[in-house]
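Enquirer: Below: sequence and its predicted model.
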Amino acid sequence: MSEEIVFYTNPMSRGRIARWMLEEVGQPYRTVVLDFATTMKAPDYLALNPMGKVPTLTHRGVTVTECAAVCAYLADAFPEAGLAPAPTDPLRGPYYRWMFFAAGPVEAAVTARSMGLLPPEEKARAVGYGTFDHMVDGLETALGDGPWLLGEQFTAADVYVGSQIVWGLMFKTLPERPSFQAYAARLSSRPAAIRAREIDDALIAEMKGKSA
């Protein structure tokens, strides 16, 4: 059983979230950069992730896909990093709550709105996020008094939920509420977040240089 962490990604993808989480964990890992049109759809990679998407993580004989799952897995695999409440800690409840709120209602509502697929008001209760505005209000509630989702403890939930907010502000898919902006600024200044951005941005520059 290999202790090596292998990280399959593309720097222009949601893999940036997993990269940030890996930097927060602080364990060594090996990166495999995949191309959307070729290696990401190759049989050997599809055997790991049938969706042909990134990120994917392999560790100790386990394959983990989906950003929220990768973040949660790494937090539990390396508890010494302090990125998740203990299973017996009452804060484990809100930790799960907001992690999966972002993976479900937030992701679905933002995607639907960006593609013009929001349901009419009379059918909103049939979808998990209700309305886009209700989702945004719920997301703001998650921030509470801060500075992090669980108060003073920064966790993997901040990596995942925070990434949704940072990207939402960047791409104008979330409203520029002051609470979102302040939270995004705190997240973006974390040393691990800065390292992760620098690594992925350097990979993007390298890829562009090869295609020039």
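Expert: Thanks, I have it.
Enquirer: mind listing what the residue positioned nearest the centre of the chain touches?
Expert: In the chain, the residue lying closest to the centroid (Cα atoms, centre = their mean) is Y160, at 3.6 Å. Going by Cβ atoms under 8 Å, 6 or more residues apart in numbering, Y160 touches I17, M21, C67, A68, C71, M99, A102, A103. In short, each C-beta sits where N, CA and C put it, glycine included.
Enquirer: right, and out of those residues, which lies closest to S188?
Expert: I17 (13.3 Å; Cβ to Cβ).
Enquirer: Quick one: list the elements packing against whichever strand or helix holds the closest one.
Expert: For I17, the host element (DSSP states H and E) is helix 15-25. Applying 3 or more Cβ pairs under 8 Å, 6 or more residues apart in numbering; DSSP states H and E, we find helix 15-25 packed against strand 6-9, helix 67-77, helix 156-170, helix 191-211.
Enquirer: Among those, which comes closest to V32?
Expert: strand 6-9 (4.8 Å).
Enquirer: Does anything pack onto the closest one? Which helices or strands?
Expert: helix 15-25, strand 30-33, strand 56-59.
Enquirer: Just say which of the ones you listed is most tucked in.
Expert: Among the helices and strands packed on strand 6-9, helix 15-25 has the highest mean neighbour count (mean count of other Cβ atoms under 10 Å), at a mean of 25.
Enquirer: From the chain's centroid, how far away is it?
Expert: 8 Å (Cα atoms, centre = their mean, to the nearest Å).
Enquirer: how many degrees apart are that helix and helix 67-77 in direction?
Expert: 10 degrees (axes from the mean of the first three to the mean of the last three Cα atoms, to 10 degrees).
Enquirer: Give me the neighbour count for the nearest residue to T39 once chain neighbours are set aside.
Expert: Of all residues not flanking T39 in the chain, Y45 sits nearest, at 6.2 Å (Cβ to Cβ, 6 or more residues apart in numbering). The number of residues packed around Y45, counting by other Cβ atoms under 10 Å, is 19.
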